[in-house]
Structures are given as structure tokens and as C-alpha cells.
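> coords please:
(chains A and B)
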Amino acid sequence: MARLQDLPEGMRSYLTDLPCPVFATQPWVRGPSLRDRKVAIISTAGLHRRTDRPFASGAGDYRIIPGDTARGDLVMTHLSQNFDRTGFQQDWNVAFPLDRLRELAAEGKIGGVADYHYSFMGATGPEQMQAVTGELARLLHGDAVDAVLLVPI
Amino acid sequence: MGGLAHYLEHAGIPTTSISLIREHSERMRPPRTLWVPFELGRPLGVPNDAAFQRAVVLAALQLLEVEDGPVVLQDYAVEAPAVITSADGWACPLNLPPVEAAGEIGPLTTAFQQEMQQMRSWYDLAVSRRGSTTVGASGLHIEALADFICTLLAGRIPQVPTAEIPLVRRVNLVADDIRALYAEALTAQPGQDVVGADQLADWFYTETAAGRVFHALRAAGSNREDAELQAITGSLAVPARLASGA
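Presented below is the predicted three-dimensional model:
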């Protein structure tokens, strides 16, 4: 489990001391009812298609995961060795719950599933990802997305 | 994750986040966060349990309908099913080739190659059953993985299909592929799909020839005269708590 007090000392200290940005503003965007929303996944697990470039150290860029990506085509090139990968190896939904979103859409719990999803590599600080979030927002708007599910690793 | 949520929301996109480290969410204060008490690497809690995952996803999405913003941090009350740990007296069911703790490189790499072959049977079964594999991020064919590592251990630069990926990065991707192959093979064996990540890492780095090869490669990095080889082998990442070697 990921309660800090349950982690080994080295990992606990690292995560406790990890710098986190503090923001002066608190943006809060409203939207339609959940059953009318189109949802995209953005992961920080360092996921990408098998044919894409692996993530590099310090990379703040992202990879595109089209909605028709087959589960066998998704790989993980996160730099850290300090988290479980066996769950993802057995079932991609542990880190990339696309099948669950599709089921929720089929049941009418959400309006739909985006045509494109995205992944960053979370060993990079969020400030280095900021430069591309403007273009990402425009891409999400273009896909008519009005809800993003952010999934860590 | 909290930073990305803030930036996207600022750009007009409504977000809801799953959080594995509550303290980080408390500091970054993203708009909507569901903290889950799951293992790092398993934000949806457990593999192959659609109902469990579905409940987590729905709980995170339902935060989009909460009106009392601009910061909502909710705790998910359900724990993930327990995994096998060292306290359970777990042992790998396979009889792996014996390896001396500190031996010659030749016997060690031979044991590693034999072990890879032994793992292949279960790995191939895993791929067949799951219809997918996460091995392959290094861009090397599966048959070339062990040779790549053994060549480095022998003090030579291995040949790779393209130079697009720097060797320092490639060695870690190859190591990831080997670890993934072992993990996918092990978790395909009867009753082994619930082996915990720490237990699996302990097994890999202390009981397998592959783990010993990785430790030997890291140790060799500091002794290389060739600066490029030193950088490549010395960069091999292992979990922090196991980095001191077997």
C-alpha cells in the first residue's frame, strides 16, 4: 500500500522530501453531468505504443495513445524501479483503465470515451510538463473531451 | 499528477485525479482527487478484477459532480486484496540453476542464459494466455536480451539495431525487458499471480542468476577503465532498497 508510513525508509524519505509545486490560484472548471461527459485518460506511468520512442530521463513530453491501441501494443518505459509493474504486466487496466471507461460508457454512466489518450513519464517534475499542457488542452478540446481522468503510477 | 491537474484545469479542461501519495495531493491541492490506499504501481488496486477497478474509476469520476470546489480530496475506503509477502514464507516453485554468490563471470552468465531458457516456457504460456506482453520496450528481440547484458559484463559494447536510443538508456530498457519477462513468467505459474512486488524484487535480485548478473554489471561499472562502458554499466537501475547487492 502507498501510505507513507508503510514504505521502506529510503522511499519514504524520498517521497516526503520530493518538491511539490504550490499554486497561487485554484482553477475549477465545471461541466455537464457525468453521463454526458467524454472522458480521456492521462497517465504518468511512462506508457506508449511499442513503436514509439521510449521516454528519456528528464523528459517533460508526452506520448499519444489512440483509443484503438491494442493492449499488447502498450509498453512502459518509466525510469523508476521503485514501484510494482507486475499488475500492469498482467492487466493494463491497473494503470490504464481504458476497458473500464468503455464499460461505463456502454452502461451510460459516462457520455463517451475519448479517441485519444496521453501519457507522461512521472519521474519528471510537473513544471517540466507545463510547457505542453496548453497544446494538450487544445487537443483534448478538439476531441470534444470534457473530463480527464489523471492516473498516476 | 497534482501539477498536471492544475495546469489542465487552468487551460479549461475539467480533471479528476487518482492519488497514491496523499501528502503530495495535500501540498499541491489539485481540483478533484481520490486518494487510494494501494501499492505504488497499482493505481486501480488489483489486476484482473474488473469490478474492483470499475468502482475505483467511478469513484474518481463522480468527483466531477461535486459542487463544493475548488479543492476536493476524498479518501477511498476500500483496501486492495492482500498480496503474498516474505512473511507468508513464499518460495519460487521453479528449481533455478545454482549460482555462487560471488563467482566467475563465465559460470554466472552461463547460469543466466540457462535460466532465461527456463523462464521462456512460462513466459510463452503467459503471452499465449494474456494475448499480450509488456516485454519489448528495448527494441531488441527477446533472444538478444541476455546476450546484450552478457556482452556488457564481458567489457564490450553490444551491437544494437539502431543508435536512436543512447546506450545508457538502452541498458536500462533491456534490464526492464528481462525483469518483465521473469515477472510475466512467474505470475503465469499456478498460484503465483498474487506475489507482491517487494517479494518478487527480493526473489529476482537475490535468488536468480539474472539478478546476480545485474549486480555484477553495476559493480563492474565502477571498475571500468573505459569511460563509456563505465557510464553504461554504472547506470543500471535497481530498486533503492536492493541496490547494495545480494
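
> can you list the weak-confidence ranges in the chain?
Picking chain A for this. Low-confidence segments of chain A (pLDDT under 70): A:1-2.

> sorry, should have said chain B
Within chain B, the stretches with pLDDT under 70 are B:86-87, B:99-103, B:163, B:222-224, B:244-246.

> looking at it, which residue is nearest chain A?
For chain B, the residue closest to chain A is residue B:3, as judged by Cβ to the nearest Cβ, at 2.4 Å. From N, CA and C alone the C-beta is placed, and that goes for glycine too.

> residues in contact with residue A:110?
Residue A:110 is in contact with A:34, A:35, A:37, A:38, A:39, A:101, A:104, A:147, B:61, counting by Cβ atoms under 8 Å, 6 or more residues apart in numbering or on different chains.

> what about the closest residue to residue A:101 other than its chain neighbours, how many residues nearby?
Among residues not flanking residue A:101 along the chain, residue A:113 sits closest, at 4.8 Å (Cβ to Cβ, 6 or more residues apart in numbering or on different chains). Residue A:113 has 21 neighbouring residues, counting by other Cβ atoms under 10 Å in any protein chain shown.

> could you do residue B:30 as well?
With other Cβ under 10 Å as criterion, residue B:30 counts 28.

> tell me who's in contact with it.
The contact partners of residue B:30, by Cβ under 8 Å, 6+ apart, come to A:150, B:1, B:2, B:3, B:5, B:6, B:9, B:15, B:17, B:71.

> among the residues you listed, which lie within helices?
Secondary structure assignment by DSSP state H places B:2, B:3, B:5, B:6, B:9 of these in helices.

> so which of the residues you listed is surrounded by the most neighbours?
When neighbours are counted by other Cβ under 10 Å, residue B:5 leads these with 28 neighbours.

> buried ones in the lengthiest helix in chain B, by neighbour count?
Secondary structure of chain B per DSSP H: the longest helix is helix B:105-130. By neighbour count with 16 or more other Cβ atoms under 10 Å in any protein chain shown, helix B:105-130 contains the buried residues B:108-109, B:111-113, B:115-116, B:118-119, B:122-123, B:126-127, B:130.

> give me the subset of the residues you listed that also touch chain A.
residue B:130 (Cβ under 8 Å from any Cβ of the partner chain).

> dump the buried residues of helix B:105-130 to TSV, plus distance to residue B:221.
Shown next, in TSV, are the buried residues of helix B:105-130 (distance: Cβ to Cβ, whole Å):
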residue	distance to residue B:221
B:108	16
B:109	16
B:111	21
B:112	17
B:113	21
B:115	22
B:116	22
B:118	27
B:119	25
B:122	31
B:123	28
B:126	32
B:127	32
B:130	35
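
> between the buried residues of helix B:105-130, which sits nearest residue A:64?
Using Cβ to Cβ, residue B:130 comes nearest to residue A:64 of the buried residues of helix B:105-130, at 24.1 Å.

> thought that closest one was touching residue A:90?
Yes: counting by Cβ atoms under 8 Å, residue B:130 does reach residue A:90; the two are 7.0 Å apart.

> list residues touching both of those two?
Listed as contacting both residue B:130 and residue A:90 by Cβ under 8 Å, 6+ apart are residue B:184.

> for the residue most central in space within chain A, give its distance to residue A:51.
By Cα atoms, centre = their mean, the mean C-alpha position of chain A lies nearest to residue A:43, the distance being 1.1 Å. Going from residue A:43 to residue A:51 by Cβ to Cβ, to the nearest Å gives 18 Å.

> residue B:226 now?
Distance, residue B:226 to residue A:51, using Cβ to Cβ: 32 Å.

> tell me which of the two has more neighbours.
residue B:226 (12 against 9).

> what is the burial count for the closest residue to that one other than its chain neighbours?
Leaving aside its sequence neighbours, residue B:226 sits nearest to residue B:155 (Cβ to Cβ, 6+ apart; 7.5 Å). Other residues lying near residue B:155 total 14 when counted by other Cβ under 10 Å.

> which helix or strand contains residue B:155?
Using DSSP states H and E, residue B:155 sits within no helix or strand.

> ok so, going back, I'd like the distance from the residue nearest to residue A:101 to residue A:37, if you could.
For residue A:113, the distance to residue A:37 (Cβ to Cβ) stands at 10 Å.

> rewinding a little: moving C-terminal of the longest helix of chain B, what's the next helix or strand?
Next element after helix B:105-130 (DSSP H and E): helix B:145-153.
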